[in-house]
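S.K.: the following comprises the amino acid sequence and a computationally predicted model.
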Amino acid sequence: MDAAAWDERYAATALVWSAGPNQFVESELASLPPGRALDLACGEGRNARWLAERGWQVTAIDWSQVAVDKGRQVNNAVDWRVGDALTAPLPAELDLVVLAYFQVAADTRRTAIRRSFDALSPGGTLFVIAHDSTNLTEGTGGPQDAAVLYTAADVLDDLAEVDLEVVRAERVARVVDAGTAWDALVRVVRR
Ligand SMILES: C[S@@+](CC[C@H](N)C(=O)[O-])C[C@H]1O[C@@H](n2cnc3c(N)ncnc32)[C@H](O)[C@@H]1O
């Protein structure tokens, strides 16, 4: 889907994603002390807004103008920006980057993950949550296209040449109405 298609999707309903944060963003990141964060491919900004409410100074970027406008309407303390995750200038020296459900081709994903990591200060956290590849056969929901699904191992592979500490890299279950959805969760710290 390109930016125009995402605009159309976001314009069609009041909220495409939940009002509150993703459950893994909340459980993994609630204990981090507030600092400077980036929510890349933020959509309507459910995670960006939650971080801002917890005292983080947040920049949120998505290429959908409609999504960004919806986020801004709810919380204008976030620095909302319309931009492409591959080319938009990113803030530097961040304490946290969140990349949630960025389901794109592998080369695009790798570029976004590498530039997200590069935007961190030493000690900063990169948190990735995504529909896991195995969700196609063992789970429910999410894109039904193997080309845009990935695993925690794929994300670590994207970061193979950088100096980091792996805090968590695994498949996690998310209970939804239709059953179990499988997500890939990666939490790493830049050394
Ligand atoms: C599944 S949604 C997830 C939104 C948000 N991260 C969340 O978890 O609520 C994926 C988002 O990625 C955005 N996106 C996809 N490709 C992008 C790109 N190249 N640059 C910026 N945003 C992109 C879409 O516009 C969409 O908002």
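M.R.: The structure has been received and is ready for your questions.
S.K.: tell me the phi and psi of the closest residue to the ligand within the chain?
M.R.: Nearest residue of the chain to the ligand: residue 43, at 2.7 Å (CB to the nearest ligand atom). Heads up, the C-betas are built off the backbone N, CA and C, glycines and all. Phi and psi for residue 43, reported as degrees, to the nearest 10, are phi 60, psi -130.
S.K.: so what's it up against?
M.R.: Shown in contact with residue 43 (CB atoms under 8 Å, 6 or more residues apart in numbering): 10, 16, 17, 62, 64, 67, 71, 100, 101.
S.K.: leaving out sequence neighbours, find the closest residue to it.
M.R.: residue 67 (5.0 Å; CB to CB, 6 or more residues apart in numbering).
S.K.: give me the number of residues near the one you found?
M.R.: By the criterion of other CB atoms under 10 Å, residue 67 has 26 neighbours.
S.K.: all further residue positions should be reported with the first residue as 55.
M.R.: Sure thing, new numbering starts at 55, so read that last one as residue 121.
S.K.: so the longest helix seen in the chain, near the ligand or not?
M.R.: In the chain, assigned by DSSP state H, the helix with the most residues is helix 160-172. No. Helix 160-172 does not reach the ligand (CB under 6 Å from any ligand atom); its nearest approach is 6.5 Å.
S.K.: that helix - contacts with which helices or strands?
M.R.: Packing contacts for helix 160-172, counted by 3 or more CB pairs under 8 Å, 6 or more residues apart in numbering; DSSP states H and E, involve strand 90-94, strand 148-154, strand 174-185, helix 206-212.
S.K.: pick the most deeply packed of those.
M.R.: strand 90-94 (a mean of 26; mean count of other CB atoms under 10 Å).
S.K.: by contact count, what packs against the following helix or strand past that one?
M.R.: Next in sequence after strand 90-94, counting helices and strands by DSSP states H and E, comes helix 100-107. Judged by 3+ CB pairs under 8 Å, 6+ apart, helix 100-107 is in contact with helix 77-83, strand 90-94, strand 111-116, helix 119-128, strand 148-154.
S.K.: put the alpha carbons of helix 100-107 into CSV.
M.R.: C-alpha atoms of helix 100-107 as CSV (Å, rounded to 0.1, in the frame of the first residue of the first chain):
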residue,chain,number,x,y,z
ARG,A,100,-1.5,5.3,19.5
ASN,A,101,2.0,4.5,20.8
ALA,A,102,3.3,8.1,20.3
ARG,A,103,0.4,9.5,22.3
TRP,A,104,0.9,7.0,25.1
LEU,A,105,4.6,7.8,25.4
ALA,A,106,3.9,11.6,25.4
GLU,A,107,1.3,11.1,28.2
